[in-house]
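>>> attaching a predicted model along with its sequence, questions to come.
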Amino acid sequence: MSIKDRFKMIMDREQLTAGAFAESIEVAQATISHILASRNNPSTEVILKLHKRYNDINLEWLLTGKAVSYTHLTLP
């Protein structure tokens, strides 16, 4: 699973459009559009803004796809 897919999963969970998601993490809509289109990978700044806004998301999962997606969950 790519980071683009993880962004989509977060957007689906929050029931947000790309524009609303971009606004929620205070980045330009074009930034999210480029990430979702696989044109660009998210910058460190975008990752940190996302994690600041949605701090229940496991940062390791967000960056690598490994580990559980939400910090309040634990691995069996």
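Right, received. Where do you want to start? Numbers count the residues shown, from 1 in each chain.
>>> from here on, contacts and neighbour counts on C-alpha atoms
OK.
>>> from P42, how far off is R6?
From R6 across to P42, the span is 11 Å (CA to CA, to the nearest Å).
>>> do G19 as well
Taking CA to CA, one finds G19 at 16 Å from P42.
>>> report how many residues lie close to Q15.
The number of residues packed near Q15 is 12, by other CA atoms under 10 Å.
>>> the one 10 residues further on now?
When neighbours are counted by other CA under 10 Å, I25 registers 17.
>>> what of K8?
For K8, the neighbour count with other CA under 10 Å is 20.
>>> how about it, nearest residue that isn't a chain neighbour?
L36 (7.5 Å; CA to CA, 6 or more residues apart in numbering).
>>> picking up where we left off before, looking at G19 and P42, which one has more neighbours?
Taking other CA under 10 Å, G19 and P42 do not tie; P42 has more neighbours (19 against 15).
>>> does the more buried one touch A30 like I think?
No. Assessed by CA atoms under 8 Å, P42 is found out of contact with A30, at 11.6 Å.
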